[in-house]
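Participant: The amino acid sequence is not available; the structure is as follows:
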């Protein structure tokens, strides 16, 4: 026997969506005509939606969300109830930047954001190395050794790091992280870019 639709939930989602469209439009100082031009939905339909006389179809809601520069999920969410915690699960291969016999790099910062900071987990196998050409001017790397030991090179400088050690160094020059030991090295690497880059 099919489950009954949760009418109360459906109505509350529709109410939230209609209210959000009106509130977002007013916050931006847009007229109905301007929103209509931005999303390709008629002014009369937008007016009906805002007055809660019509619930938009999925396609219409998606177009409205795009006009506001947000996802469909963000448009439907109640602002005060929006989840602000983004989680990257350990087994999510989407975030595996590189994986081969010598090195595994897992991105720990969100992929979808324009950012001036990148955060990685790096596993270097014995004899493995992560060699990099210069990044943008002003770039720096901050490295912490979680397990094992590594050698870092930045331009002509070299340093040895062991478990618990941290270092930061210019990354706008040729640089490398090497594992000369006989055990895996686990590292946390942060790359920062100057705002001018």
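Facilitator: That came in fine, so what should we check first? This structure is a prediction, so every number in the text was calculated from the model and none was measured. Residues are numbered from 1 along each chain as shown.
Participant: give me every residue that touches residue 46.
Facilitator: 21, 32, 35-36, 39, 64 (Cβ atoms under 8 Å, 6 or more residues apart in numbering). All C-beta atoms are positioned from the backbone trio N, CA, C, and that covers glycine.
Participant: what's the closest non-adjacent residue to it?
Facilitator: Ranked by Cβ to Cβ, 6 or more residues apart in numbering and with sequence neighbours excluded, the top spatial neighbour of residue 46 is residue 32, at 5.3 Å.
Participant: hang on, the earlier thing: can you list the contacts of residue 46 in TSV and add secondary structure?
Facilitator: TSV is the format used below for these (DSSP: H, G, I helix; E, B strand; the rest coil):
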residue	secondary structure
21	helix
32	helix
35	helix
36	helix
39	helix
64	helix
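Participant: Which one of those residues is nearest to residue 14?
Facilitator: residue 21 (11.0 Å; Cβ to Cβ).
Participant: Next, count neighbours for the closest one.
Facilitator: 24 (other Cβ atoms under 10 Å).
Participant: And the one 4 residues further on, by the same measure?
Facilitator: The number of residues packed around residue 25, counting by other Cβ under 10 Å, is 20.
Participant: Give me the neighbour count for the residue lying closest to it once chain neighbours are set aside.
Facilitator: Among residues not flanking residue 25 along the chain, residue 35 sits closest, at 5.2 Å (Cβ to Cβ, 6+ apart). Using other Cβ under 10 Å, residue 35 has 21 neighbouring residues.
Participant: contacting residues for residue 35?
Facilitator: 25, 41, 46, 64, 67.
Participant: what about it, distance to residue 171?
Facilitator: Distance, residue 35 to residue 171, using Cβ to Cβ, to the nearest Å: 44 Å.
Participant: swap in residue 18?
Facilitator: Taking Cβ to Cβ, one finds residue 18 at 49 Å from residue 171.
Participant: before we move on, what about residue 87?
Facilitator: Distance from residue 87 to residue 171, by Cβ to Cβ: 28 Å.
Participant: between those two, which one's more packed in?
Facilitator: Neighbours were counted for residue 87 and for residue 171 using other Cβ under 10 Å; residue 171 has more, 22 against 6.
Participant: Let me see the contact set for the residue nearest in space to the middle of the chain.
Facilitator: Residue closest to the mean C-alpha point of the chain, counted by Cα atoms, centre = their mean, is residue 110 at 2.3 Å. Each residue near residue 110 by Cβ under 8 Å, 6+ apart is listed here: 86, 88.
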